[in-house]
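Asker: Provide a 3D model corresponding to the input given below.
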Amino acid sequence: MPLVAAAVCPHPPLIVPELAGAAAPELDDLRAAADAAVTRLLAAEPEAILLVGGGPETVRFTAADSGSLRGFGLDRPARLWKISCSGGEVLPLSLTVGAWLLNRSGTGLPRLARSVAHDAAPTECAAFGASLIDDDDPRVALLVLGDGSACRGVTAPGYDDPRAQAYDDGVAVALAGADAEALRGLDPVLSAELRVAGRAPWQVLAGAVGAAGGDWRGELSYHRAPYGVAYFVANWERS
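Answerer: Just a heads-up that it's a prediction; the model follows:
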């Protein structure tokens, strides 16, 4: 089967040290976990990397496209792969951070990216994930970008919501156990209320793994909520 592995990482702009400034050390452990997850993804020897993240709409991007963190104070593009005048600065935040993570790894593997609409229904997400897997494709690894709830405490972007902890704990268990069914079951209404940015991409992952078939094992290497937002780092591999 062409899907050989997957990694899940968050996409906070502050993961980029230049944006975090003096506060950069506060997320050193998150950066280390994300770097390790990407390294492990590459160790599966894929022939290409496919990034999946949330965005305003579902879009297929080209290898020459890029993203920008200019709105956060860093005037430098994050290129997906190829440097070409045919590309545009069009990647949403999730894929921009994903491109930055891959570029940080130094890999020269071909890479493409897909965004899935934040409000896409679970069935749409799963079907979209299944459509990404084709027996004629090269060996591909997925890098899935998504944050958990943004309601973990009174200083969180979405303020405090008592439902957030249980929601995030459920996601952590699903990612640790490679439980695609649990991810497919995430409620889009509750997810939106908790300002979860990863629900749709995680459900795309579930659809892709289901289409790929076989048994999968997961490992969760990071689950914390700095700044009141839940971040997860995990790897899924074939058993």
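
Asker: Show me what counts as buried in stretch 20-33.
Answerer: For stretch 20-33, burial by neighbour count (16 or more other Cβ atoms under 10 Å) applies to 20, 27, 30-31, 33. In this view, the C-beta of every residue, glycine as well, is placed from N, C-alpha and C.

Asker: what's the closest of those to R199?
Answerer: Proximity of those to R199, judged by Cβ to Cβ, is greatest for L30, which lies at 20.0 Å.

Asker: before we move on, the earlier item: mind checking which of the buried residues of stretch 20-33 land in helices?
Answerer: For the buried residues of stretch 20-33, the ones inside helices are 20, 30-31, 33, with DSSP state H as the criterion.

Asker: Quick one: the helices in the protein, in order.
Answerer: Counting by DSSP H, the segments of the chain that form helices are 17-20, 28-43, 93-105, 122-131, 164-176, 180-184, 188-193, 199-212.

Asker: I'd like these laid out as TSV, including distance to A63.
Answerer: As requested, these are exported to TSV (distance: least, Cβ to Cβ, whole Å):
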stretch	distance to A63
helix 17-20	25
helix 28-43	17
helix 93-105	11
helix 122-131	19
helix 164-176	28
helix 180-184	28
helix 188-193	30
helix 199-212	19
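
Asker: Format those as JSON lines; extra columns: mean pLDDT.
Answerer: Below are these laid out as JSON lines (pLDDT from 0 to 100):
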{"stretch": "helix 17-20", "mean pLDDT": "84"}
{"stretch": "helix 28-43", "mean pLDDT": "97"}
{"stretch": "helix 93-105", "mean pLDDT": "95"}
{"stretch": "helix 122-131", "mean pLDDT": "96"}
{"stretch": "helix 164-176", "mean pLDDT": "98"}
{"stretch": "helix 180-184", "mean pLDDT": "98"}
{"stretch": "helix 188-193", "mean pLDDT": "98"}
{"stretch": "helix 199-212", "mean pLDDT": "97"}
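
Asker: Mind putting the buried residues of stretch 20-33 into CSV with distance to L112?
Answerer: Conversion of the buried residues of stretch 20-33 to CSV gives the following (distance: Cβ to Cβ, whole Å):
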residue, distance to L112
A20, 28
L27, 27
L30, 25
R31, 24
A33, 24
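
Asker: from those residues, which single one is nearest S191?
Answerer: Nearest to S191 among the buried residues of stretch 20-33: L30, at 21.5 Å, using Cβ to Cβ.

Asker: Verify the stated contact: that closest one with Y231.
Answerer: Yes. Counting by Cβ atoms under 8 Å, Y231 is a contact partner of L30 at 6.0 Å.

Asker: what sits in contact with each of these two?
Answerer: Residues touching both L30 and Y231 (Cβ atoms under 8 Å, 6 or more residues apart in numbering): 10, 12, 222, 224.

Asker: Now restrict those residues to buried residues only.
Answerer: Restricting the shared contacts of L30 and Y231 to buried positions leaves 10, 12, 222, 224, with burial counted as 16+ other Cβ under 10 Å.

Asker: would a markdown table of those residues with distance to R238 and pLDDT be doable?
Answerer: A markdown table is the format used below for these (distance: Cβ to Cβ, whole Å; pLDDT from 0 to 100):
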| residue | distance to R238 | pLDDT |
| --- | --- | --- |
| P10 | 24 | 98 |
| P12 | 29 | 95 |
| Y222 | 22 | 98 |
| R224 | 28 | 97 |
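
Asker: closest to Q165 among the residues you listed?
Answerer: Checking the buried ones among the shared contacts of L30 and Y231 one by one against Q165 (Cβ to Cβ), the nearest turns out to be R224, at 12.2 Å.

Asker: Many thanks, have a good one.
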